[in-house]
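>>> structure, please.
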Amino acid sequence: MRFVSWNLGNGGIDAGGDESRRKNQIGIAAELGADVLALQELTNWDEGDWWRLWELADSLGMVPLPPVTSRIGDGRNHLALLFRPETVRVVRYRPDVGQGAFHHGLARARLAVEGQEFAVLATHLAYSDGDTRLREARWLTDNAGPFPGRPDSAVLMGDLNTLAEQDPEPDWTLVPRNLHARYRLVHADGSFGPADRRALRVLLNAGWTDPQTQVDRSRAATVGYWYANEPVPLRLDHILTTGRIRPLSYTTCDTPDTRAASDHLPVALTAAIGGNE
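Residues are numbered from 1 along each chain as shown. This next block holds a predicted model:
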């Protein structure tokens, strides 16, 4: 099974309605060969009965599940989960299961591959501050281990807006000071501390696993080459696993084409479903 998560950056649409990036993203996504694809920042994709989503899905030979719209904002930002019907069967799907608790929303699907059932959670954690991300992360801990009525195995995919444990502390002098509150701990007196990694750490402590610790090759940063608010290389996009999901490879798809296509690079996990934990 191949899982891919990608923040498309404003839906792949630029100023003046230029959709060159979006069109290039279709070809890139086809090359990534996902069986399960989580997409964030599908800005304005609801226009025209979601024709952009269907165009992408048809080009990939995948089926989109009902998208989730960001609770905060102007209603133009969405996320979606797609699956390849030849390899994956949908047992159950619930959009926006966070019931308004998430800035961008949460999609949860129960999937099956050759009789092996597992859950997939797709989300985009809040960009604004670590406290909000931490609250959102707590909605994702139940799937980190056995829980009544849910599969013991699960995959969590998305732009989590939090550094990986392996990322060194950024050089904050390279980041505009007015943006530090997004990614740094804020002390009681309003001063800044180190990078706020609490959201990811609570997920890992609850039982989710970072595949980076299970494969030999270190993956590249997913941001740090585009906008001024993320000028240092960081791994903000993640795919976490639990249960009988056995990672085989875990990579950031860093090429000239993917760098030109979005401010985030796609993340891909190839894993075996089932067998021993």
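
>>> list the contacts for Leu248?
215, 270-272 (C-beta atoms under 8 Å, 6 or more residues apart in numbering). For every residue, glycine as well, the C-beta is placed using N, CA and C.

>>> leaving out chain neighbours, which residue sits closest to Ala272?
In this structure, Ala272 finds its nearest non-sequential neighbour in Arg246, 4.4 Å apart by C-beta to C-beta, 6 or more residues apart in numbering.

>>> sticking with that neighbour, tell me its helix or strand.
For Arg246, the host element (DSSP states H and E) is strand 245-252.

>>> now the following helix or strand past that strand: how far from the chain's centre is it?
For strand 245-252, the succeeding helix or strand toward the C-terminus, using DSSP H and E, is helix 256-261. Centroid separation for helix 256-261 versus its chain: 18 Å, with C-alpha atoms, centre = their mean, to the nearest Å.

>>> where in the stretch 1-150 of the chain is pLDDT low?
97-99 (pLDDT under 70).

>>> which residues of it fall in helices?
Secondary structure of the stretch 1-150 of the chain, counting by DSSP state H, counting those that start in this stretch: helices at 20-32, 47-60, 130-138.

>>> who wins for proximity to Asn205 among those helices?
Asn205 sits nearest to helix 130-138 of all the helices of the stretch 1-150 of the chain, at 10.3 Å, using C-beta to C-beta.

>>> what residues of that closest one count as buried?
130, 132-134, 136-137 (16 or more other C-beta atoms under 10 Å).

>>> run a quick neighbour tally on the residue lying closest to Leu204 once chain neighbours are set aside.
Ranked by C-beta to C-beta, 6+ apart and with sequence neighbours excluded, the top spatial neighbour of Leu204 is Asp210, at 6.5 Å. With neighbours defined by other C-beta atoms under 10 Å, the count for Asp210 comes to 20.

>>> ok, now Ser191?
9.

>>> and if you look at Leu56?
Neighbours around Leu56, by other C-beta under 10 Å: 25.

>>> cool, thanks, talk later.
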